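Participant: The amino acid sequence is not available; the structure is as follows:
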């Protein structure tokens, strides 16, 4: 039995069997590998007008040469992705 905050259809209580409850909850779960947010109109990925409303990605800042003082700091070096590394995929190879 579920007590609703506001009356729906003239009733405050909803009586469900376990199967009915699970069926209603299952409709709220999105299908696998589907994005929860979809863009429409000018925000859609292939829209011709998208470049007018979505800002361009910032240009990379050229890195400064490493000096001795900077080399002695305790900062961890940043990871730089080399062109030789293969791109990650979201697929799991079957063995």
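Facilitator: All right, it came through fine. Computed from a predicted model, the values in this text were never measured in an experiment.

Participant: Tell me if residue 12 really is in a helix.
Facilitator: No. The assignment for residue 12, made by DSSP: H, G, I helix; E, B strand; the rest coil, is strand rather than a helix.

Participant: burial count for residue 47?
Facilitator: 15 (other CB atoms under 10 Å). For the C-beta atoms, the positions are set from N, CA and C on the backbone; glycine is no exception.

Participant: Report pLDDT for it.
Facilitator: Residue 47 is assigned 89 on the pLDDT scale.

Participant: got the contact list for it?
Facilitator: Residues near residue 47 by CB atoms under 8 Å, 6 or more residues apart in numbering: residue 41.

Participant: Helix or strand: which one has it?
Facilitator: Per DSSP states H and E, residue 47 falls between elements, in no helix or strand.

Participant: and what of residue 38?
Facilitator: Using DSSP H and E, no helix or strand contains residue 38.

Participant: For it, give its distance to residue 48.
Facilitator: Residue 38 sits 18 Å away from residue 48, going by CB to CB, to the nearest Å.

Participant: contacts for the longest strand along the chain?
Facilitator: Once the chain is assigned using DSSP state E, the strand that runs over the most residues is strand 2-8. Outside strand 2-8, the residues that touch it by CB under 8 Å, 6+ apart are 11, 12, 13, 14, 15, 16.
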